[in-house]
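Visitor: Compute the structure for the input listed below.
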Amino acid sequence: MSDGTLLLFDEAMLAHAPGAFHPESPSRLSAVGEARRREPPAGATWAAPCPASREQPLRVHDPAYVDE
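Guide: Reported below is the predicted structural model:
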């Protein structure tokens, strides 16, 4: 593992819109991404995310939660 910062982004993330008054929004994600592209953290690397295996979330979540 490197000492840098891994920044994950996929255009599909912009489809997540939980409502007008929720802090998560496509416009907020776009603004944060643009800011990080203009001024990336030292050692930052951009990558596309990949789907998690079932075992990965089970490291920190109960099986019932993962099944939900």
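Visitor: which ones are touching the nearest residue to Gly33 once chain neighbours are set aside?
Guide: Nearest non-adjacent residue to Gly33, counting by C-beta to C-beta, 6 or more residues apart in numbering: Phe9, 5.9 Å away. All C-beta spots, glycine's among them, are computed from the backbone N, C-alpha and C. With contact set as C-beta atoms under 8 Å, 6 or more residues apart in numbering, Phe9 has these partners: 33, 46, 48-49.
Visitor: Helices along this structure, start to end?
Guide: For the chain, the helices defined by DSSP state H cover 26-38, 55-58, 63-67.
Visitor: Dump these into TSV; add distance to Ala15 as well.
Guide: Formatted as TSV, the helices of the chain follow (distance: least, C-beta to C-beta, whole Å):
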stretch	distance to Ala15
helix 26-38	7
helix 55-58	21
helix 63-67	22
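Visitor: Throw those into JSON lines and include mean neighbour count and mean pLDDT, thanks.
Guide: Below are these laid out as JSON lines (neighbours: other C-beta atoms under 10 Å; pLDDT from 0 to 100):
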{"stretch": "helix 26-38", "mean neighbour count": "12", "mean pLDDT": "92"}
{"stretch": "helix 55-58", "mean neighbour count": "11", "mean pLDDT": "97"}
{"stretch": "helix 63-67", "mean neighbour count": "10", "mean pLDDT": "96"}
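Visitor: Tell me which of the ones you listed lies nearest to Asp3.
Guide: Among these, helix 26-38 comes nearest to Asp3, with 17.6 Å by C-beta to C-beta.
Visitor: Can you name the residues bridging to the residue nearest to the spatial centre of the chain?
Guide: For the chain, Leu8 is the residue whose C-alpha lies nearest the centre (C-alpha atoms, centre = their mean; 5.5 Å). Beta-bridge pairing of Leu8 under DSSP bridges involves Ala47.
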